[in-house]
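In: can you look at this prediction? I've put the sequence above it.
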Amino acid sequence: MYEQFYGLKERPFSLSPDPKFFYLSEVHREAIEHLHYALIQKEGFVLLTGDVGIGKTTICRVLLEKYQKQYKVALVLNPMLSEEELLKYIVQDFGIISSGQTKKELIDDLNKFLLEQHALGRACILIIDEAQNLTVELLEQIRLLSNLETEKEKLIQIILIGQAELNIKLSQLEQLNQRISVRYHLKPLKYKEVTSYIYHRLTVAGASGGITFTKGAMKQIYKFSKGIPRLINLICDRALLAGYTSKTTRITKALVNRAAKSLGKEGEITYVPTAFFKRRMVMALAMASFLLGVALSFTFHDWLSHMIPYRLYKINTAKSNVLQTKDAVPIKKIKKSTENKPKMMYFYSINVEAYQSKEEAVARAKALKNAGYETFITKVKIPKVGTWYRVLIGKFENKRDALEEEKRLKKEFPEAWTIRVQRGGI
């Protein structure tokens, strides 16, 4: 719409992950170097994490462009599949002609292909984007794929790319987690990098120097975007549109403010990934129910008060205190555990959500409690990522009962998954 006015060949701030526009910031350069090292060293598993819109998918595209001639690469963009569907997708993306229908047949065909490529001296890479959406079962299936190897080296190298919450799932899968030899977490751009990023994209799009962003405009873009490339693109695209309607090529602080206001409330831009839309709607409905019942002043049932470092928090106080109450009696929504049996060293529960904010986790858990669920919160510290608060539902003495409940809960919580919790701590 505004390209001709600014003398551009194309839109410079499109949201599509085009490698042509890739800006090699300090963190993106380090990420590429980590991945390059892992591939050269033939490491089996590599993990790349980062916030929504940070540039993970763009790095996927850059890797494909860089290595597709010397490697055989399969890219999975939507891993929300069954085990058989995932294997079929991988087989097809590698270009393997297979009539296999069962997991064994598909894995046999894949193994044959990998051995053929190894004999030709060509390595094979599997890249899985949005890997935080993988179920525990799929992650286990992927781990088994890494067992395809010769006596000396792996036949396939696997790169998992996803949001930070992926670390939470991996922390429950010790065998897989231990196999990840190279990890990198992408961080937002710094202020100086934001300026370079913007002019880099303008140059690639064909700008000849006629477009300028004032210092005040740059500061506002950094303030609103917090250095997240996708948000920078959204704001800059709207700012250029605002400049076009005002017939100016000088993008000022006022134009950026107008752009930000059109994207969200002034002074704050909130980006919510598509995968969370349904979750947030459920949260809003549950929270409305919670607000109606605040006057009842109920408390959580805390049957984990003896567990360390687990803590249950309550809100509506100046400080969040640990609740010390008796063991809770499972409610009708959760299948009762077998009584009069010796307690095992661990139990099973359903992880439905996770938050970096304790207050948000507490509010969510209390809302679910008010809706009739037996809930509690656990605190998990993940190296190089930070502290997360998991919202769990139910307590089961055996995994079968927990998995049955997980299937039922998935209707309301698509990302629900069963975890094993040790008594006395993790």
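Out: Cool, got the structure. Here the structure is a predicted model, which means the values were calculated and not measured.
In: where does this structure have low pLDDT?
Out: Scanning the chain with the threshold set as pLDDT under 70 gives 265-346, 382-385, 422-426.
In: and it, what are its domain boundaries?
Out: The chain breaks down into these domains under automatic domain parsing: 3-17+189-263, 26-186, 275-422.
In: dump these into a markdown table; add mean neighbour count as well.
Out: From N, CA and C alone the C-beta is placed, and that goes for glycine too. Shown next, in a markdown table, are the domains of the chain (neighbours: other Cβ atoms under 10 Å):
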| stretch | mean neighbour count |
| --- | --- |
| domain 3-17+189-263 | 18 |
| domain 26-186 | 18 |
| domain 275-422 | 16 |
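In: list the contacts of stretch 348-359.
Out: Counting by Cβ atoms under 8 Å, 6 or more residues apart in numbering, stretch 348-359 makes contact with 164-165, 168, 279, 313, 315, 320, 361, 364, 368, 379-380, 386-399, 401-402, 405-406, 409, 413, 415-421, all of which sit outside it.
In: which of these fall within strands?
Out: Counting by DSSP state E, these place 379-380, 386-396, 417-421 in strands.
In: what's the spacing between L138 and K169?
Out: 10 Å (Cβ to Cβ, to the nearest Å).
In: now do S196
Out: For S196, the distance to K169 - Cβ to Cβ - is 35 Å.
In: quickly find the element holding the closest residue to I168 other than its chain neighbours.
Out: In this structure, I168 finds its nearest non-sequential neighbour in A354, 5.4 Å apart by Cβ to Cβ, 6 or more residues apart in numbering. Using DSSP states H and E, the element containing A354 is strand 346-355.
In: starting at the chain centroid, how far to that strand?
Out: The chain centroid and the centroid of strand 346-355 are separated by 17 Å, computed with Cα atoms, centre = their mean, to the nearest Å.
In: list the strands paired with that strand, with their directions.
Out: Note on strand 346-355: by DSSP bridges, its sheet partners are strand 386-396 (antiparallel), strand 417-422 (antiparallel).
In: out of those, which comes closest to S99?
Out: Of all these, it is strand 417-422 that lies closest to S99, at 32.3 Å by Cβ to Cβ.
In: isn't there a helix covering E116?
Out: Yes: under DSSP: H, G, I helix; E, B strand; the rest coil, E116 falls within a helix.
In: now the helices: where do they sit in the stretch 151-300 of the chain?
Out: Taking DSSP state H, counting those that start in this stretch, the helices of the stretch 151-300 of the chain run over residues 166-171, 174-179, 191-204, 215-225, 229-245, 253-263, 277-292.
In: could those helices go into TSV alongside distance to L63?
Out: What follows is the helices of the stretch 151-300 of the chain, written out as TSV (distance: least, Cβ to Cβ, whole Å):
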stretch	distance to L63
helix 166-171	18
helix 174-179	20
helix 191-204	19
helix 215-225	25
helix 229-245	17
helix 253-263	30
helix 277-292	29
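In: which one of the ones you listed lies nearest to K152?
Out: helix 174-179 (17.0 Å).
In: which strand or helix spans I127?
Out: Here I127, judged by DSSP H and E, is contained in strand 123-128.
In: so what are the sheet partners of that strand and their directions?
Out: Here strand 123-128 is paired, per DSSP bridges, with strand 71-76 (parallel), strand 156-162 (parallel).
In: now the element after it, going C-ward?
Out: That would be, after strand 123-128 and using DSSP H and E, helix 136-145.
In: circling back: ok, which of the helices of the stretch 151-300 of the chain comes nearest V91?
Out: Nearest of the helices of the stretch 151-300 of the chain (Cβ to Cβ): helix 174-179, 21.2 Å.
In: what comes into contact with that closest one?
Out: 44-45, 139-140, 142-143, 146, 170-171.
In: again, only using 7 Å
Out: 44-45, 139, 143, 146, 170-171 (Cβ atoms under 7 Å, 6 or more residues apart in numbering).
In: now stretch 101-113
Out: 83-84, 87-88, 90-91, 94, 96, 98, 100, 148.
In: with stretch 26-44 instead?
Out: 46, 48, 55, 59, 63, 123, 125, 146, 153-154, 157-159, 179, 181-182, 184, 186-187.
In: likewise for stretch 73-92?
Out: In contact with stretch 73-92 (Cβ under 7 Å, 6+ apart) are residues 60, 64, 67, 93-94, 98, 103, 106-107, 109-110, 125-131, 133-134, 137-138, 141.
In: same thing with stretch 48-67?
Out: 17, 19, 22, 28, 31-32, 35, 73, 75, 125, 127, 129, 159, 161-164, 166-167, 184-186, 188, 228-231, 271, 273.
In: one more: stretch 188-205?
Out: Residues contacting stretch 188-205 (Cβ under 7 Å, 6+ apart): 8-13, 20-21, 23, 25, 54, 211, 213, 218, 221-222, 226-229, 232, 236.
In: so which of those are in strands?
Out: F213.
In: how about C236: what's its closest non-neighbour residue?
Out: F13 (4.6 Å).
In: residue contacts, that neighbour?
Out: By Cβ under 7 Å, 6+ apart, the contact set of F13 is 201, 233, 236-237.
In: got the phi and psi for it?
Out: Phi and psi for F13, reported as degrees, to the nearest 10, are phi -120, psi 40.
In: how much space between it and L81?
Out: 32 Å.
In: follow-up on the earlier one: so which of the strands paired with strand 123-128 gets nearest R250?
Out: Nearest to R250, of those and by Cβ to Cβ, is strand 156-162 at 38.2 Å.
In: list of residues touching that closest one?
Out: Under Cβ under 7 Å, 6+ apart, the answer for strand 156-162 is 35, 39, 42-49, 56, 60, 114, 123-132, 142, 145-146, 148, 166.
In: do that again at 6 Å, thanks
Out: Applying Cβ atoms under 6 Å, 6 or more residues apart in numbering, the contact partners of strand 156-162 are 45-49, 56, 114, 124-132, 148.
In: same check on stretch 252-269?
Out: Under Cβ under 6 Å, 6+ apart, the answer for stretch 252-269 is 214, 216-217, 220-221, 224, 234-235, 238-239, 242-243, 270.
In: any chance of a markdown table for the residues you listed, columns distance to A259?
Out: Putting these into a markdown table (distance: Cβ to Cβ, whole Å) gives the following:
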| residue | distance to A259 |
| --- | --- |
| T214 | 13 |
| G216 | 13 |
| A217 | 10 |
| Q220 | 9 |
| I221 | 9 |
| F224 | 9 |
| L234 | 8 |
| I235 | 5 |
| R238 | 3 |
| A239 | 4 |
| A242 | 5 |
| G243 | 9 |
| T270 | 15 |
